[in-house]
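> have a look; sequence and predicted model below, questions after that.
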Amino acid sequence: MMTFLQLNKASIRRGGQTILKNISLSIGLGEQVAVLGPNGAGKSTLLKMLSGDIYPLYRRAPAIRLFGQERWDLFSLRHKLAVISGALQEQHQQHPDCAGLNIILSGLFGSIDIHENHCVTAAQKKAALRIARELNLTKLVKKTVNTFSSGELRSFLIGRALINEPQVIVLDEPTVSLDVQARAQFLQNIRRLAQTGRSVILVTHLLEEIIPEITRVIILKNGRIFADGKKEKILTGAMLSRTFGLPLRVEKNKGWAALKLK
Ligand SMILES: Nc1ncnc2c1ncn2[C@@H]1O[C@H](COP(=O)(O)OP(=O)(O)OP(=O)(O)O)[C@@H](O)[C@H]1O
């Protein structure tokens, strides 16, 4: 299997603190992985490293390879790897007049909204409309950001990612603030992506977001890998009680899991 991410004793220091400590990890292309951990564990920092936004400390042997490469240019990386985060959603909320279809198309340019200098071809527009249809967004393509619910906007952000046909989609706590119905719809869309062979990497502290297609779970705690393995082995009451430091149990139902206080 080709690897998407290879970390070899990667460390990140910020503000005088070591936030990630000697992380070694390999994720194959096509693997579906959840990264779980308590607040402050280093999940967002790991995400920034695997999306190419921050580099680990220099070592003689490369500490990070993405798609087998030590160095990359962010623009071409964005076409292979899409990140959907709360920050991206907030950026869009500052552009209330941006139309749904333009959110999808803007992924081609790495911009927010489409501007005069962007040249969108008929084929690109057709592709964006097809993606909107697949995500059940056709009725909303002409509507603007200020009329969207959080769930609708987040689904458009998936569309924005898909226009580049990325091999890997990274999601950062994607269903926070979504209501039950919006969450179900969003997770359904993510499941469909996972079923088409793309890698879905989900960073979260909510077990309820872990779609059945995810087969591997990595637990981060205090900047280190606390556990890494098959989902069935990792998502147990004993393991998660040790992770979060209180007595917990896991309820499993048809491939989904929920965390409960004991
Ligand atoms: N730029 C920075 N400068 C200094 N410290 C930082 C910086 N970014 C993060 N940290 C610290 O690093 C630790 C890990 O932060 P990170 O945001 O990666 O955790 P997280 O697991 O994503 O947490 P959460 O679940 O709360 O989002 C925290 O203690 C945080 O305060």
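Good, I have the coordinates. If you're wondering where the values come from, they're calculated on a predicted model, not measured in any experiment.

> for residue 101, what are phi and psi?
Backbone torsions for residue 101, taken as degrees, to the nearest 10, come to phi -60, psi -40.

> that one: how many residues sit nearby?
Neighbour count for residue 101, taken as other CB atoms under 10 Å: 23. The C-beta positions use only the backbone N, C-alpha and C, and glycine is treated the same way.

> ok, it touching residue 141?
Yes - using CB atoms under 8 Å, residue 101 is in contact with residue 141, at 4.2 Å.

> need the overlap of contacts for these two.
Shared contacts of residue 101 and residue 141, defined by CB atoms under 8 Å, 6 or more residues apart in numbering, are found at 128-129, 132.

> ok, of the residues you listed, which one's closest to residue 249?
Nearest to residue 249 out of the shared contacts of residue 101 and residue 141 is residue 132 (CB to CB; 40.8 Å).

> does residue 26 sit in a helix, a strand or a coil?
What DSSP: H, G, I helix; E, B strand; the rest coil gives for residue 26 is strand.

> so which of the shared contacts of residue 101 and residue 141 are in helices?
128-129, 132 (DSSP state H).

> out of these, which is most surrounded?
Most surrounded of these: other CB under 10 Å gives residue 128, at 25 neighbours.

> now it: how far from residue 1?
31 Å (CB to CB, to the nearest Å).

> the biggest helix by length in the chain: which residues count as buried?
Assignment by DSSP H gives helix 180-195 as the longest helix of the chain. For helix 180-195, a neighbour-count test (16 or more other CB atoms under 10 Å) marks 182-183, 185-187, 189-191, 193-194 as buried.

> mean confidence score for it?
Across helix 180-195, pLDDT averages out at 89.

> do stretch 236-243 as well
For stretch 236-243, the per-residue pLDDT averages 96.

> other residues contacting that stretch?
36-38, 207, 219, 221, 226-227, 233, 247-250, 259, 262.

> which residue is nearest the middle of this structure?
residue 171 (1.6 Å; CA atoms, centre = their mean).

> which SS state does it fall under?
Applying three-state DSSP: residue 171 is strand.

> let me see the contact set for it.
Here residue 171 is in contact with 83-85, 190, 200-204 (CB under 8 Å, 6+ apart).

> which of those residues fall in strands?
83-84, 200-204 (DSSP state E).

> among those residues, which one lies nearest to the ligand?
For the ones in strands among the contacts of residue 171, the closest approach to the ligand (CB to the nearest ligand atom) belongs to residue 203, at 7.4 Å.

> which residues touch the closest one?
34-35, 43-44, 46-47, 170-173.

> make a ChimeraX selection of the buried ones in the ones in strands among the contacts of residue 171.
Here is the ChimeraX command that picks out the buried ones among the ones in strands among the contacts of residue 171, judged by 16+ other CB under 10 Å:
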select :83,84,200,201,202,203,204
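
> now tabulate the ones in strands among the contacts of residue 171 in TSV and tack on distance to residue 114.
Below are the ones in strands among the contacts of residue 171 laid out as TSV (distance: CB to CB, whole Å):
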residue	distance to residue 114
83	20
84	19
200	27
201	28
202	29
203	29
204	31
